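Enquirer: Fold the following for me, if possible:
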Amino acid sequence: MSRIFEVTDKVRAHDPRADIDMINRAYVFAANAHANQKRSSGEPYLAHPLAVANILASLRLDDKSIVTGLLHDTVEDTSVTLADIESRFGAEVAQLVDGVTKIGQIRFTSSEHKQAENFRKMILATAKDLRVLLVKLADRLHNMRTLGFLPDYKRRLISRETMELYAPLAHRLGIHWLTQELEDHAFSHLEPEAYAELSSKMADHLDSLNRTRERLETIMQEAVNRQGSSARVQGRMKHMFSLYQKMQRKQVDFDDIYDLVAFRVIVEDAPACYQTLGIIHSMYRPVPGRFKDYIALPKPNGYQSLHTSIIGPDNFRLEVQIRTEAMHRYAEDGVAAHWLYKSDGMDAGEQRNFQWLKQLTELLQASDQPGEFLENVRLDLFVKEVYVFSRDGDLFALPRGALPLDFAYAVHTDLGHHCIGVRINGQPADFATRLRNGDQIEILTNPEQTPSRHWLQHIRTPRARQAIRQWFRREERDASVRVGNEIVQEVFGSKSKITEEVLSALHCEDADELRARLGRGEVPLDQLLAAARRSSPKRLHLTGNEQGLIRAAKCCLPLPGDKVIGCFEHGQGILVHHQECATAAAEEDKAWMSVDWKPEEGKLYRTSLELKTLNRRGMLASVSGGIASFGASIDDLRIHQLAGDMTTLNVLIEVNDRVHLAKLMRGLRAIEGVVRVRRNIRLRSPQKVTERIGRSLRSLIGSGKDEAGSSEEESRDKE
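Expert: So this is what the prediction gives:
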């Protein structure tokens with residue numbers, strides 16, 4: 001078990017300015033919080049956070065990271081709250097602990113590995129501060145080191161999670177040794193027989209491999225020294241999981257693996273790397289096609305080295321890596337090393353080597369403060385998705401900026417259609433709330449609920465938008481059929497049947513298609529009447545209560561309850577005008593019909609008012625207040641100053657119906673200073689419009705004309 005003084009000694013060695021007192025206080029706080037807890041091994045629970053802090057100290061992280069390592073399990077496993085931590089150790093440490101806690105709540109339970117990438121992105125997005133991820137990796141490493149005390153099924157589950165999630169993340173951060181150790185521990189539990197067999201074979205060859213390593217270290221070290229270089233040569237054994245992968249990938253046995261030993265040559269600077277490469281190639285024959293220059297072209301995680309394979313003594317194939325001290329630090333400790341040595345004055349060229357960090361929007365800036373770089377790096381800038389959980393714990397990936405309705409439709413179309421509300425993390429939220437990584441979403445439904453066009457303002461995903469629009473298309477088709485049925489009954493009579501000749505003439509397969517096309521205005525009334533060969537004129541009278549088919553004209557903004565007339569707009573249903581609208585009166589070529597337009601409960605309709613008022617202080621406020629007091633809302637307001645002491649207000653408002661508007665107008669006329677209130681409609685004589693409707697209907701009876709060119713209806717008019 002690690003000791004706290006071992007941790008503080010490591011921290012003090014790499015950061016003399018570290019707050020050692022804060023680390024000691026965190027140790028005491030954690031000891032009290034975990035006082036009665038024990039691990040599966042039987043040792044005090046405190047051994048775990050202390051070991052995590054020790055790993056973080058080995059990574060040379062800042063004092064707040066060490067404190068977070070000591071406290072990372074207190075909120076989840078004890079009665080300690082984030083408020084307690086913030087009051088004792090500050091907001092920054094509390095945020096770090098909260099981040100580690102949230103990552104710990106992510107459960108990798110899917111049996112399909114294809115979800116692993118989503119979980120990795122989820123973790124990256126959750127860890128807004130990079131130190132959160134480093135603490136979690138240290139936590140996972142110590143858990144893997146002590147995994148043997150758990151039941152077999154738990155060991156396998158945790159090992160699979162480690163292999164699929166945490167080892168790739170460690171690799172992403174460039175922490176080479178941590179990646180290897182996590183993989184080897186997971187490998188030993190996931191494939192225990194293969195691991196035992198490989199370990200046995202490695203043990204059989206260990207003595208000869210060590211002798212070979214020591215001999216080649218000496219030979220290469222002497223060779224580079226003769227060239228006046230201060231390079232140092234290190235030999236190492238390949239780690240277990242990489243050997244296993246190579247055997248599986250190449251389908252070979254252990255005895256066919258020749259590069260069990262690899263060497264690193266650490267030199268002063270980049271030019272010395274290439275010079276040393278020349279020395280080694282002059283000593284031993286290089287293997288063709290095995291040279292890689294990761295200095296000129298770094299790996300995406302920032303790794304840099306020269307790689308080559310040579311045929312060494314006794315025809316022994318060896319892998320050699322050549323790098324500078326700074327490259328070596330980064331290769332071993334990755335981002336952690338970069339954070340530590342920022343104060344060493346890394347130039348812009350070195351900073352450009354960290355390719356994956358270039359995808360973040362916050363550029364690297366020089367600073368003396370340890371930890372500043374990691375504080376400012378926001379990994380959620382790297383992730384374009386937001387990852388949320390359902391009430392049952394299923395993970396869903398949505399585009400960043402997604403809203404609750406997007407989530408509802410992502411789960412199931414019917415869930416979206418019947419959504420009446422949402423709870424996010426147990427708290428009620430509205431449809432405009434942006435979802436954040438790690439949110440748990442619960443959708444509230446009602447079978448009677450149906451989509452609203454207003455919902456289109458509260459969605460971001462194409463799937464949700466398409467589902468809502470499809471619903472409206474289906475609803476509008478049903479409504480079109482009902483409106484078309486009214487037209488058919490008016491034209492053919494309630495008991496008459498639509499003949500095949502009529503359907504053929506109008507290019508419809510059946511009566512339902514005819515009704516739908518009539519309701520949408522795709523079949524003009526004159527064609528219908530011509531096909532029906534009716535001889536008696538009939539006034540078409542529709543009950544316009546089908547939402548989505550009745551559209552108010554913008555020129556006069558009629559309301560339900562007004563006397564309105566309508567005409568079919570191709571593919572859009574019925575466009576209704578006020579019966580006295582001048583625009584309608586001027587459109588002589590359209591087939592007009594009277595429409596009985598009923599209001600829909602709970603729906604608001606736009607119309608326009610013109611108010612003439614005295615130009616007094618507070619008049620606008622009085623008018624606005626009056627409109628609000630009657631339950632109406634203002635969509636737009638325009639003011640025109642008249643000559644003298646008068647003002648004209650043109651107000652675009654929303655009301656329930658004509659009755660609602662009448663009450664509002666009476667209330668506005670009662671306001672002191674309001675001279676006149678009227679609707680904004682350019683009017684013509686209602687008699688002219690009525691006559692035009694009659695003419696339109698008579699002109700539609702084209703199929704009943706006699707040889708003289710007059711219809712039977714016209715003949716009756718003459719009589």
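Enquirer: Tell me if I'm right that G626 and R669 touch.
Expert: No. Applying Cβ atoms under 8 Å, one finds G626 not in contact with R669, separated by 9.8 Å. C-beta: built from backbone N, CA, C; applies to glycine.
Enquirer: Can you mark which positions in stretch 302-312 are buried?
Expert: Residues of stretch 302-312 classed as buried under the neighbour-count rule (16 or more other Cβ atoms under 10 Å) are 302-310, 312.
Enquirer: that older thread, looking at G626 and R669, which one has more neighbours?
Expert: Each of G626 and R669 has its neighbours counted (other Cβ atoms under 10 Å); G626 has more, 18 against 14.
Enquirer: re earlier: and which of the buried residues of stretch 302-312 is nearest to S40?
Expert: Relative to S40, the closest of those is Y303; by Cβ to Cβ it sits at 36.0 Å.
Enquirer: can you map out the helices along the stretch 351-500 of the chain?
Expert: Here the stretch 351-500 of the chain has its helices, by DSSP state H, counting those that start in this stretch, at 372-376, 404-411, 413-417, 462-492, 500-505.
Enquirer: I'd assumed C567 was in a strand, is it?
Expert: Yes. Assigned with DSSP: H, G, I helix; E, B strand; the rest coil, C567 falls within a strand.
Enquirer: Go ahead and confirm it touches I574.
Expert: Yes. Assessed by Cβ under 8 Å, C567 is found in contact with I574 at 7.1 Å.
Enquirer: Which of these two has more residues huddled nearby?
Expert: Ranked by neighbour count (other Cβ under 10 Å), C567 and I574 place I574 first, with 23 against 20.
Enquirer: Let me know the secondary structure of that one.
Expert: Per three-state DSSP, I574 ends up strand.
Enquirer: Now it: closest residue in space, sequence neighbours ignored.
Expert: Computed as Cβ to Cβ, 6 or more residues apart in numbering, the closest residue to I574 that is not its neighbour in sequence is G566, at 4.2 Å.
Enquirer: who are the neighbours in contact with the one you found?
Expert: Applying Cβ atoms under 8 Å, 6 or more residues apart in numbering to G566 gives the contacts 542, 544, 550, 574-577, 592-595.
Enquirer: Bridged to it, which residues?
Expert: V576, M593 (DSSP bridges).
Enquirer: Pull up the gap between it and G519, please.
Expert: 12 Å (Cβ to Cβ, to the nearest Å).
Enquirer: Looking at the chain, which helix is longest?
Expert: Secondary structure of the chain per DSSP state H: the longest helix is helix 192-226.
Enquirer: List the buried residues of that helix.
Expert: Counting neighbours by 16+ other Cβ under 10 Å, one finds that the buried residues in helix 192-226 are 195, 198, 201-202, 209, 212-213, 216-217, 220-221, 223-224.
Enquirer: Would you tell me which one of the residues you listed comes nearest to T433?
Expert: Of all these, T433 sits closest to Y195, with 48.2 Å by Cβ to Cβ.
Enquirer: Tell me the confidence at the closest one?
Expert: At Y195, the model reports a pLDDT of 90.
Enquirer: Grab the nearest non-local neighbour of it.
Expert: Using Cβ to Cβ, 6+ apart, the closest residue to Y195 is S188 (4.5 Å).
Enquirer: pLDDT on the helix or strand where the one you found lies, on average?
Expert: Element membership for S188 (DSSP states H and E) is helix 176-190. Helix 176-190 carries an average pLDDT of 92.
Enquirer: One more: stretch 584-598?
Expert: What stretch 584-598 shows for mean pLDDT is 76.
Enquirer: which residues in the stretch 551-700 of the chain form strands?
Expert: Using DSSP state E, counting those that start in this stretch, the strands of the stretch 551-700 of the chain run over residues 564-569, 573-578, 593-596, 605-614, 633-641, 646-655, 674-679.
Enquirer: Over to the stretch 301-450 of the chain?
Expert: Secondary structure of the stretch 301-450 of the chain (DSSP E, counting those that start in this stretch): strands located at 306-311, 317-324, 385-390, 395-399, 419-424, 427-429, 440-445.
Enquirer: how about a markdown table for the ones you listed, with mean pLDDT and distance to R473 added?
Expert: Shown next, in a markdown table, are the strands of the stretch 301-450 of the chain (pLDDT from 0 to 100; distance: least, Cβ to Cβ, whole Å):
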| stretch | mean pLDDT | distance to R473 |
| --- | --- | --- |
| strand 306-311 | 90 | 60 |
| strand 317-324 | 88 | 62 |
| strand 385-390 | 81 | 28 |
| strand 395-399 | 81 | 24 |
| strand 419-424 | 93 | 19 |
| strand 427-429 | 91 | 29 |
| strand 440-445 | 92 | 22 |
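Enquirer: The ones you listed into CSV, with extra columns for distance to T179?
Expert: Output for the strands of the stretch 301-450 of the chain, formatted as CSV (distance: least, Cβ to Cβ, whole Å):
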stretch, distance to T179
strand 306-311, 17
strand 317-324, 16
strand 385-390, 23
strand 395-399, 24
strand 419-424, 35
strand 427-429, 39
strand 440-445, 31
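Enquirer: of those, which approaches S65 most closely?
Expert: By Cβ to Cβ (comparing all of the strands of the stretch 301-450 of the chain), the closest turns out to be strand 385-390, at 24.4 Å.
Enquirer: relative orientation of the longest helix of the chain and helix 176-190 in degrees?
Expert: Interaxial angle, helix 192-226 versus helix 176-190 (axes from the mean of the first three to the mean of the last three Cα atoms, to 10 degrees): 160 degrees.
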